[in-house]
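*Asks:* A structural model of the following input is requested.
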Amino acid sequence: MKKQTLIALLSVFTCTLSLSGQNVSITDLKAEHLENPIGIDTPSPRLSWRMDDSRQGAMQMAFRIIVDTDSLNVVREQGNKWDTKRISSDNMLASYNGAALSPFTKYYWKVMVWDMNNKSISSPITSFETGMMNVRNWQGSWIGDGRDINYQPASYFRKKFSAGKTILSARAYIAVAGLYELYINGEKIGNHRLDPMYTRFDRRNLYVTYDVTKQLQKGDNAVGVLLGNGWYNHQSMAVWDFHRAPWRNRPTFCMDLRITYADGSVETIPTDLSWQKADSPITFNSIYTGEHYDARLEKRGWNTVIFDDSGWQGVNYRSAPSGNITAQQICPIRNVLKVPAKSINKINEKTYVFDFGQNMSGVTQIKVAGKEGTEVRIKHGERLYENGRLDMSNIDVYYRGDKEKDPFQTDIIILSGKGEDEFMAKFNYKGFRYVEVTSSEPIELTQNSIIAYFIHSDVKPLGEIKTSSELINKLWQATNNAYLSNLMGYPTDCPQREKNGWTGDGHFAIETALYNYDGITVYEKWLADHRDEQQPNGVLPDIIPTGGWGYGTDNGLDWTSTIAIIPWNIYLFYGDSKLLYDCYDNIKRYVNYVNRTSVNHLTSWGRGDWVPVKTHSNKEFTSSVYFYVDAKILAEAAKLFKKNDDFEYYTKLAEEIKNAINNKYLNRKTGIYAGGSQTELSVALQWQIVPEDMIPVVAKNLYQKVEETNFHLDVGVLGAKAILNALSKNGYPDAAYKVAAQDTYPSWGWWIVNGATTLLENWDLKAERDISNNHMMFGEIGGWFFKGLGGIFPDPDAPGFKHIIMRPNFVKELKHFESTHESPYGKIISRWEWKNKNTISYTVNIPANSNATLYLPENIKGDKEIDLKAGLHSLTLKVNQ
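*Replies:* Numbers count the residues shown, from 1 in each chain. Okay, the predicted model is just below:
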């Protein structure tokens with residue numbers, strides 16, 4: 001029996017034996033929040049698990065982690081690398097603290113858990129594998145094609161080599177400035193798209209690790225690499241000046257192919273001057289605009305052993321883009337969803353328009369035949385003109401390039417004339433619902449000639465909303481579509497016009513993100529980008545990463561508070577303080593900068609309530625509120641990390657900011673903040689700057705403001721973040737629901753009834769600027785469903801949903817509602833249904849090893865505060881009339 005098979009059988013046996021007679025299992029084992037990761041660089045990886053136990057009051061009383069490089073030792077419970085022994089604790093997250101980890105090494109581990117009856121349960125055996133661990137362990141050199149930044153064809157690179165012995169295992173470690181695809185013996189390696197992730201290339205570069213054991217063979221082998229520009233060599237022109245980025249250069253890469261033979265010896269095939277290069281048939285590629293491909297230039301078999309490369313040229317050495325080459329420890333981008341065309345409109349024999357039925361980020365794959373040299377243009381957009389042709393006017397407004405030679409959101413292919421050609425962009429993505437295909441010569445296309453792929457960071461879904469309202473269901477789905485369309489290893493504003501990592505959009509939607517998806521690795525990467533971008537004085541740009549644009553006069557608190565708000569929310573949702581700790585000094589520098597530059601603790605540094613319906617709010621007021629939020633988060637972080645002097649200082653600072661805001665902007669006689677707009681009132685309530693005795697008055701004023709508009713919105717992005725929470729948390733949940741479920745202008749629902757499948761950038765469908773049809777900055781509503789209706793909240797005192805705060809609101813206009821969220825401890829369910837006008841059936845599931853406090857609305861008879869242990873709880877609630 002093979003060793004690995006034996007390990008698997010022993011693993012299952014161990015788990016099954018321990019489960020005999022019990023409905024208990026240990027699942028979801030992760031290292032660094034990834035399942036069985038390979039190529040990690042973290043010296044003390046975080047190990048986490050979950051206890052699935054449906055019994056009432058289920059708890060973990062103790063745990064033991066066992067780690068070894070020999071899986072059989074782990075089976076035998078002999079952890080020579082780390083054995084915690086039994087630790088009396090209910091923690092389900094622990095950082096490795098054993099013998100120093102070695103590079104290029106696979107570590108097997110399991111966890112043993114003692115349940116509430118003090119019976120032990122063993123998890124299956126899982127693993128994590130280290131990568132380089134140190135930049136000095138690289139053997140390869142950085143190489144390139146020797147061309148300048150304006151040269152357009154993408155380059156192929158290849159090397160042929162011989163593996164003279166039987167191969168036990170092999171790993172490819174590849175670092176790239178730009179984008180790439182890796183091939184071995186003709187096979188594309190992995191299913192990732194757009195690797196490596198976009199960073200500030202002159203300060204940090206990411207490498208990716210692949211298990212290529214199955215692709216290699218004893219004897220001759222060939223490895224091939226195709227390089228694309230990505231954000232590293234931005235040849236297209238736009239207003240953000242990425243073509244002037246300080247890192248800009250021709251794409252380059254470094255690779256080590258590390259082979260371990262059956263006899264225990266190791267051989268590394270590095271990048272060096274023995275590699276060869278040639279132009280590929282990709283004649284132009286831009287992450288921003290499109291990709292051009294000449295099928296006549298294809299080099300069939302270029303990445304195989306038998307290919308004749310005698311006409312290829314040598315490569316050049318390059319300096320490393322930065323001295324910081326680290327592992328890409330993140331959920332990858334993939335072709336996640338295949339979307340067939342819903343309809344085809346043949347305009348004429350040279351023009352076809354396809355409708356894919358939903359807006360998305362992605363690419364299209366076309367199969368087409370025609371005369372040799374026929375040019376086919378595949379244009380992607382979100383709108384159609386009345387004549388059925390594609391309308392690009394809402395998304396090409398910031399493009400400054402040559403619209404004929406480098407057309408926006410358009411792929412160009414030249415047909416080979418040798419039967420059917422197939423093309424899908426490798427180094428670009430677009431935002432679109434519609435695709436218009438035009439050709440220089442007649443071609444014949446059918447509805448099946450083009451397939452779309454929805455591309456995004458392939459984050460695991462964690463949340464779900466089901467309701468009796470079709471509008472709410474569609475709105476939740478549209479919010480998720482917009483979120484995923486704008487998740488490409490960093491959160492973006494839109495997948496077409498900009499593709500920029502706007503900071504404000506990122507933190508406005510952070511709760512929606514974390515209720516619905518397992519995004520921690522994406523945000524840990526993006527906040528590392530923040531740390532890379534932050535200036536010594538604490539200032540951040542309002543798009544991250546950036547080539548220099550965004551350090552202006554408006555890159556202030558309402559946008560760049562991402563540095564504090566996102567790490568804090570990661571801590572709340574995951575119970576993992578690492579990101580908050582990593583960003584602590586950055587938050588401190590940021591808050592200190594604002595404190596130095598503010599006058600009497602007030603500041604107008606920011607963009608304000610962007611894209612409001614009609615009423616503009618006071619920018620000094622809203623920016624100062626975010627100053628308070630950041631100082632408050634910093635104080636809480638200081639308390640958590642036992643930085644007592646900082647805790648006292650920033651607690652006092654936060655209170656002084658709050659007092660300064662209230663002294664200037666709160667009319668204590670009327671309970672009105674500033675000009676009394678929906679945004680100003682809701683921001684004050686959402687971020688808890690309102691004095692306790694004034695909350696009912698301010699909340700009533702907000703309700704009256706909303707009632708005046710017949711429960712329509714009069715807010716921009718800051719108000720959209722705050723208004724539903726401010727109403728539902730402060731006694732007006734039915735009003736909040738009316739606003740959320742509104743289906744006439746201006747409202748979220750107005751978009752849906754007009755056919756939107758994603759969220760838009762402007763409330764006004766007839767607006768002439770800020771009119772992307774796939775934007776996330778108004779996306780808070782997707783998180784509010786879980787909070788304002790389901791009532792599911794993390795507790796800052798027991799984060800990660802260790803203790804769950806449940807505050808459901810049983811709104812009268814909704815017959816039934818269900819929210820589920822997969823927390824680190826397991827599935828939380830909050831489900832309710834009106835049985836009649838006086839009776840509500842309410843079901844709550846609290847996962848094992850956690851507990852909850854249920855706070856019921858005032859109109860419910862009986863106890864208003866109920867402690868809930870783990871397990872499924874069914875309650876029949878009576879309503880006071």
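*Asks:* residue ranges with poor pLDDT in the stretch 301-450 of the chain?
*Replies:* Counting by pLDDT under 70, the stretch 301-450 of the chain contains no low-confidence segment.
*Asks:* just the chain next, same as before
*Replies:* By pLDDT under 70, the weakly predicted segments of the chain are 1-22.
*Asks:* elements contacting the helix or strand hosting Tyr183?
*Replies:* Tyr183 is part of strand 179-184 when elements are defined by DSSP states H and E. Here strand 179-184 is seen to pack against strand 167-177, strand 219-228 when contacts are counted using 3 or more Cβ pairs under 8 Å, 6 or more residues apart in numbering; DSSP states H and E. For glycine as for every other residue, the C-beta is placed from the backbone atoms N, C-alpha and C.
*Asks:* got those strands as JSON lines, with distance to Asp770 columns?
*Replies:* What follows is those, written out as JSON lines (distance: least, Cβ to Cβ, whole Å):
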{"stretch": "strand 167-177", "distance to Asp770": "33"}
{"stretch": "strand 219-228", "distance to Asp770": "30"}
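*Asks:* now do the same contact list for the nearest residue to Lys525 once chain neighbours are set aside.
*Replies:* Nearest-residue entry for Lys525: Ile330, 4.9 Å, with adjacent residues in sequence omitted and distances by Cβ to Cβ, 6 or more residues apart in numbering. Each residue near Ile330 by Cβ atoms under 8 Å, 6 or more residues apart in numbering is listed here: Met197, Ser457, Gly489, Thr521, Val522, Glu524, Lys525.
*Asks:* kindly report the same for Asn845.
*Replies:* Applying Cβ under 8 Å, 6+ apart as the definition, the contact partners of Asn845 turn out to be Lys827, Ile828, Ile829, Gly871, Leu872, His873.
*Asks:* so what's it bridging to?
*Replies:* Taking DSSP bridges, one finds Ile829, Leu872 as the beta-bridge partners of Asn845.
*Asks:* which one of the contacts of Ile330 is nearest Asn480?
*Replies:* Checking those against Asn480 with Cβ to Cβ, the nearest one is Ser457 at 13.0 Å.
*Asks:* okay, and the beta partners of the residue lying closest to the closest one once chain neighbours are set aside?
*Replies:* In space, not counting the residues next to it along the chain, Ser457 is nearest to Leu487; the distance is 4.4 Å by Cβ to Cβ, 6+ apart. When assigned by DSSP bridges, Leu487 has beta-bridge partners Pro491.
*Asks:* picking up where we left off before, CSV for the helices and strands packed on strand 179-184, including mean neighbour count and distance to Ala798?
*Replies:* CSV is the format used below for the helices and strands packed on strand 179-184 (neighbours: other Cβ atoms under 10 Å; distance: least, Cβ to Cβ, whole Å):
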stretch, mean neighbour count, distance to Ala798
strand 167-177, 23, 40
strand 219-228, 22, 46
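*Asks:* between those, which one is nearest to Pro696?
*Replies:* Going through the helices and strands packed on strand 179-184 one by one, with Cβ to Cβ as the measure, strand 167-177 comes closest at 57.1 Å.
*Asks:* what strands line up against the closest one, and which way round?
*Replies:* For strand 167-177, the paired strands and their directions (DSSP bridges) are strand 205-211 (antiparallel), strand 252-261 (antiparallel).
*Asks:* report the distance from the longest one to the chain centre.
*Replies:* Same thing as strand 252-261. Mean C-alpha position of strand 252-261 versus that of the full chain (Cα atoms, centre = their mean, to the nearest Å) differs by 29 Å.
*Asks:* what ranges does the stretch 451-600 of the chain have for its strands?
*Replies:* Secondary structure of the stretch 451-600 of the chain (DSSP state E, counting those that start in this stretch): strands located at 463-467.
*Asks:* got JSON lines for the strands paired with strand 167-177, with distance to Gly506 too?
*Replies:* Conversion of the strands paired with strand 167-177 to JSON lines gives the following (distance: least, Cβ to Cβ, whole Å):
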{"stretch": "strand 205-211", "distance to Gly506": "19"}
{"stretch": "strand 252-261", "distance to Gly506": "29"}
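*Asks:* among the ones you listed, which is nearest Thr622?
*Replies:* strand 205-211 (35.6 Å).
*Asks:* what about Gln235, which SS state?
*Replies:* When classified by DSSP: H, G, I helix; E, B strand; the rest coil, Gln235 comes out as coil.
*Asks:* that one and His243 touch, don't they?
*Replies:* Yes - applying Cβ atoms under 8 Å as the test, Gln235 and His243 come out as touching, 6.8 Å apart.
*Asks:* for the strands paired with strand 167-177, which one sits closest to Arg76?
*Replies:* The minimum distance between Arg76 and the strands paired with strand 167-177 falls on strand 252-261, with 24.2 Å, by Cβ to Cβ.
*Asks:* can you pull the buried residues of that closest one?
*Replies:* Of the residues in strand 252-261, those buried under the neighbour-count criterion (16 or more other Cβ atoms under 10 Å) are Thr252, Phe253, Cys254, Met255, Asp256, Leu257, Arg258, Ile259, Thr260, Tyr261.
*Asks:* any chance of the residues you listed in a markdown table, plus distance to Gly228?
*Replies:* Written out in a markdown table, the entries for the buried residues of strand 252-261 read as follows (distance: Cβ to Cβ, whole Å):
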| residue | distance to Gly228 |
| --- | --- |
| Thr252 | 12 |
| Phe253 | 11 |
| Cys254 | 16 |
| Met255 | 16 |
| Asp256 | 21 |
| Leu257 | 21 |
| Arg258 | 25 |
| Ile259 | 27 |
| Thr260 | 31 |
| Tyr261 | 33 |
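*Asks:* nearest to Tyr173 among those?
*Replies:* Closest approach to Tyr173 among the buried residues of strand 252-261 (Cβ to Cβ): Asp256, at 4.7 Å.
*Asks:* my read: Asp355 touches Val339, true?
*Replies:* No - proximity of Asp355 to Val339 does not meet the contact threshold set by Cβ under 8 Å, at 10.8 Å.
*Asks:* distance of Trp82 from Ser88?
*Replies:* 18 Å (Cβ to Cβ, to the nearest Å).
*Asks:* picking that back up, between the helices and strands packed on strand 179-184, which one is closest to Arg807.
*Replies:* Among the helices and strands packed on strand 179-184, if distance is taken as Cβ to Cβ, the winner is strand 167-177, at 47.5 Å.
*Asks:* pull the closest one out as PDB, backbone CA atoms only.
*Replies:* Included here for strand 167-177 are C-alpha records, laid out as PDB according to Å, rounded to 0.1, in the frame of the first residue of the first chain:
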ATOM      1  CA  ILE A 167      10.900  12.200  -9.600                       C
ATOM      2  CA  LEU A 168       9.400  12.100  -6.100                       C
ATOM      3  CA  SER A 169       8.000  15.700  -6.100                       C
ATOM      4  CA  ALA A 170       8.500  19.000  -7.800                       C
ATOM      5  CA  ARG A 171       7.600  22.600  -7.100                       C
ATOM      6  CA  ALA A 172       7.700  25.700  -9.300                       C
ATOM      7  CA  TYR A 173       8.300  29.000  -7.500                       C
ATOM      8  CA  ILE A 174       7.700  31.900  -9.900                       C
ATOM      9  CA  ALA A 175       7.900  35.700  -9.100                       C
ATOM     10  CA  VAL A 176       6.800  38.100 -11.800                       C
ATOM     11  CA  ALA A 177       6.600  41.800 -12.300                       C
END
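*Asks:* what's the offset of stretch 494-511 from the middle of its chain?
*Replies:* Taking mean C-alpha positions (Cα atoms, centre = their mean), stretch 494-511 and its chain are 10 Å apart.
*Asks:* for stretch 608-624, same thing?
*Replies:* 27 Å.
*Asks:* and stretch 79-97, by the same measure?
*Replies:* Put simply, stretch 79-97 sits 29 Å off its chain's centre (Cα atoms, centre = their mean).
*Asks:* tell me which residues of that stretch come out buried.
*Replies:* For stretch 79-97, burial by neighbour count (16+ other Cβ under 10 Å) applies to Gly79, Lys81, Trp82, Asp83, Thr84, Met92, Leu93, Ala94, Tyr96.
*Asks:* what's next to stretch 759-772, contact-wise?
*Replies:* By Cβ under 8 Å, 6+ apart, the surrounding residues in contact with stretch 759-772 are 382, 394-395, 397, 431, 478-479, 482, 493-494, 496-497, 611, 613, 713, 745-748, 750-751, 754, 773-779.
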